[in-house]
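**Student:** could you work out the structure for the sequence below:
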Amino acid sequence: MVVCNRVNDIPKIDQSALTIGSFDGIHCGHLEILKKLEVLSSENKSTSVVITFDPHPKTILRSDLLEDKFLITTLDKKIEIFELHGVDCLLVLPFDEKLANIEAKIFLENIIVKYFNPHDIVVGYDHHFGHNRTGDINLLESYSESYAFSVHQVEQIGVDGIPVSSSEIRNALTSENIHDANLFLGWNYELKGIVEKGEGLGKTIGFPTANVRPIELHQIIPSNGVYEVEVAIDGEQFSGMCNIGNRPTLNGSDDRIEVNIFSNENLNLYSKVITLIFKEYLRSEKKFSSIDELKAQLKIDKKRCLEIN
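**Tutor:** Numbering: from 1, shown residues only. Predicted coordinates for the structure are as follows:
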């Protein structure tokens, strides 16, 4: 897959099957769009193209969200998913006020048509683009004959009777419902972070932990509690359990992300980038009456994680 950050870097493309969007949390609905894109590009011998944006448009258009955590999918994860679904060319446009002010018609003509010559354009059920979100399926269809492309709309996807949307995923992530969040996404939620030196208290009770600081400032942190996780480190994966919260039994005062990795290896993780892959919510945080009671519960948590695996 070719990844470009400027239109001048785009390779020559004779004909494309194309989609465009911020892909805010690549979920089941987005995956259907990518599947449709793959089918059309194969049928028509076209180059499959995705146009997306970084940073997320909300960081530019919504100054009130500058301190908020709203991102579901990081750019790195988006690139991984796009490549997995056979995308040939990815254009990641730097999103700023200048780009935000481009009218939809101008964006269509000066970028989509000029550089990609689309044979097919695939969009979701609520697709909008361009200044003030004026670009939609109606605008695309009004120019489809002039520029000789077909427009394909993918309907909203439902899981267990619930329409899948980024809002539903955010609600699930922040309400102790990682199970549904993963169902809606179609993959297990991930959080990438840097391991920082902590106080070493976990080691003193037989459950050493790595303290993880998320790399992406705006990414959603799942609600406080204990989770079964997989931990990706330098291309290897380990089972583990993660606690998000303020460690009430240890008189903690600030929320932290700590992971106990099930490994017999002596892992030197300080300053390393690791990825937490959230699989199941085990329980809420609790203040235990003693350290021994906490240790007993942690043994139960670990046993449950190993049984789930």
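**Student:** could you pull out the helices for the stretch 101-250 of the chain?
**Tutor:** In the stretch 101-250 of the chain, helices defined by DSSP state H, counting those that start in this stretch lie at 104-107, 114-116, 137-144, 166-173, 178-185, 201-204, listed in chain order.
**Student:** list the buried residues in the last one.
**Tutor:** For helix 201-204, a neighbour-count test (16 or more other CB atoms under 10 Å) marks 201-202 as buried. In this view, the C-beta of every residue, glycine as well, is placed from N, C-alpha and C.
**Student:** for it, what is the distance to the chain centroid?
**Tutor:** Helix 201-204 sits 32 Å away from the centroid of its parent chain (CA atoms, centre = their mean, to the nearest Å).
**Student:** who does it touch, helix- and strand-wise?
**Tutor:** Taking 3 or more CB pairs under 8 Å, 6 or more residues apart in numbering; DSSP states H and E as contact, there are no helices or strands that helix 201-204 lies on.
**Student:** taking the mean pLDDT, what do you get for that helix?
**Tutor:** Regarding helix 201-204, the rounded mean pLDDT is 78.
**Student:** with the third one instead?
**Tutor:** For helix 137-144, the per-residue pLDDT values average out at 97.
**Student:** residue 15: neighbour count?
**Tutor:** 17 (other CB atoms under 10 Å).
**Student:** ok, residue 181 next?
**Tutor:** Neighbours of residue 181 using other CB under 10 Å come to 25.
**Student:** tell me the contacts of it?
**Tutor:** 169, 172-173, 189, 222, 278 (CB atoms under 8 Å, 6 or more residues apart in numbering).
**Student:** what does residue 90 give?
**Tutor:** Residue 90 neighbours (CB under 8 Å, 6+ apart): 1-4, 49-50, 52, 79, 82.
**Student:** can you map out the strands along the chain?
**Tutor:** 2-4, 16-20, 47-54, 89-94, 118-124, 150-154, 158-159, 162-163, 190-196, 210-214, 225-233, 236-245, 256-261, 273-283 (DSSP state E).
**Student:** out of those strands, which gets nearest to residue 73?
**Tutor:** For residue 73, the closest of these is strand 190-196, at 8.4 Å, according to CB to CB.
**Student:** so where's the stretch 101-250 of the chain shaky on pLDDT?
**Tutor:** Filtered on pLDDT under 70, the stretch 101-250 of the chain yields the residue ranges 249-250.
**Student:** out of the helices of the stretch 101-250 of the chain, which one sits most buried?
**Tutor:** helix 178-185 (a mean of 21; mean count of other CB atoms under 10 Å).
**Student:** in TSV: the contacts of residue 90, plus pLDDT, distance to residue 212 and neighbour count.
**Tutor:** Listed next are the contacts of residue 90 as TSV, based on pLDDT from 0 to 100; distance: CB to CB, whole Å; neighbours: other CB atoms under 10 Å:
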residue	pLDDT	distance to residue 212	neighbour count
1	97	29	14
2	97	32	14
3	97	27	15
4	97	32	16
49	98	35	26
50	98	30	27
52	97	26	21
79	97	22	17
82	98	26	24
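**Student:** sorry, back to before: I'd like the helices of the stretch 101-250 of the chain as CSV, with distance to residue 45 appended.
**Tutor:** Shown next, in CSV, are these (distance: least, CB to CB, whole Å):
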stretch, distance to residue 45
helix 104-107, 26
helix 114-116, 15
helix 137-144, 20
helix 166-173, 33
helix 178-185, 31
helix 201-204, 56
